[in-house]
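**Student:** Model the structure of this input:
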Amino acid sequence: MTESRKQGGGKPKSRRKSGWLVDAFWMSLSLAIILILWETLVALFDLPAHLLPRPLSVVEASFGSWQSIAGHSYHTIFAVLAGFLLATALAVPTAIIIVLSPQAERLLYPPLIATQSIPKIALAPLFIVWFGFGPQTTISVAFLICFFPIVVDTIVGLRSIDPALIQLARSMGAPPSRIFLKLRLPGALPSMFGGLKVASALAVVGALTGEYIASDAGLGYILLSASGELNTALLFGVLIFLSVLAMAFFYAIEMLERILIPWHVSQRSQSR
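**Tutor:** So this is what the prediction gives:
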């Protein structure tokens, strides 16, 4: 009995480890295919370096400017995290209020949709007037672009609970606060994390947009400078770094999801 239990308890860990190895293998394979196709395309059509540089040229340009990239990446990472955390801190309570109060839904939902429909770049002059030329504008753009998906997915999750479970809890004398904490909120976590993962990628886009608008620091500023100098190799290097940053942020949220909701069917299916 004890040996079988130990063996049964060891299987999930081995499955998780093998799952990570499989994911790493396929990620490495896809990266290798992209690099091979990239090098083949440049060699086959003899493309000039200012249009599409070779991968080796991108690596050399990135290492040659690594101090500048590392210094400016701090500003971008700070804006991404600040905008994302601020959006999460405000979006989740807003979604809860909308779900619990029909009057709040009628009052808050139309402005949210209207704000989301406006292109963020069109708000650039207004952000500069309100927040000035600096990190405040970058954080505000990242916040605005992250806010809506978190609100919508949290609302969907909070409303996806089976009404029969709520009626059963009420019949057993559970107060509304306990029903919310024990039924609605845990049931909403999968959808909430879906919104957080979408927002994690959008936060990088928002921070980069904010740096285009009004900033003299950050990776967006390096992109503008490299574009003005026609330094395409450095452009690609910074873009690749931004992609890695967005992927790291996304997988950090996914890891947190696996820790907090290991009981959900999506996590159990990944461990098989």
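**Student:** Poorly predicted segments of the stretch 151-272 of the chain, please.
**Tutor:** Where the stretch 151-272 of the chain drops to pLDDT under 70, the residues are 263-272.
**Student:** Tell me where it has helices.
**Tutor:** For the stretch 151-272 of the chain, helices defined by DSSP state H, counting those that start in this stretch occupy the ranges 163-171, 176-179, 185-213, 219-228, 232-260, 265-270.
**Student:** Show me how far the fourth one is from its chain's centre.
**Tutor:** On the basis of CA atoms, centre = their mean, to the nearest Å, helix 219-228 is displaced by 23 Å from the centre of the chain it belongs to.
**Student:** Measure how that helix sits relative to helix 232-260, angle-wise.
**Tutor:** Following axes from the mean of the first three to the mean of the last three CA atoms, to 10 degrees, one obtains 160 degrees for the angle between helix 219-228 and helix 232-260.
**Student:** other SSEs contacting helix 219-228?
**Tutor:** Identification of packing neighbours for helix 219-228 by 3 or more CB pairs under 8 Å, 6 or more residues apart in numbering; DSSP states H and E yields helix 66-100, helix 185-213, helix 232-260. Quick note: C-beta positions are derived from backbone N, CA and C, even for glycine.
**Student:** Pretty sure residue 179 sits against residue 170.
**Tutor:** Yes. The pair residue 179 and residue 170 passes the contact test of CB atoms under 8 Å, sitting 7.1 Å apart.
**Student:** more neighbours, the two?
**Tutor:** residue 179 (17 against 12; other CB atoms under 10 Å).
**Student:** and the closest residue to that one other than its chain neighbours, how many residues sit next to it?
**Tutor:** Spatially, and ignoring its direct neighbours in sequence, residue 179 is nearest to residue 169 (4.9 Å; CB to CB, 6 or more residues apart in numbering). Per other CB under 10 Å, the neighbour tally for residue 169 reads 16.
**Student:** you'd agree residue 169 is up against residue 177?
**Tutor:** No. Counting by CB under 8 Å, residue 169 stays clear of residue 177, with 11.4 Å between them.
**Student:** before we move on, the earlier item: of all the helices of the stretch 151-272 of the chain, which one is nearest residue 22?
**Tutor:** helix 265-270 (10.6 Å; CB to CB).
**Student:** need the contact list for the residue positioned nearest the centre of the chain.
**Tutor:** Central residue of the chain (CA atoms, centre = their mean): residue 200, 1.3 Å from the mean position. Going by CB atoms under 8 Å, 6 or more residues apart in numbering, residue 200 touches 84, 246, 249, 250, 252, 253.
**Student:** do you know how far the third one is from residue 243?
**Tutor:** It refers to residue 249. 11 Å (CB to CB, to the nearest Å).
**Student:** So for those two, which sits in the more crowded spot?
**Tutor:** residue 249 (20 against 11).
**Student:** So the more buried one versus residue 77, what's the distance?
**Tutor:** 9 Å.
**Student:** Cool, thanks, signing off.
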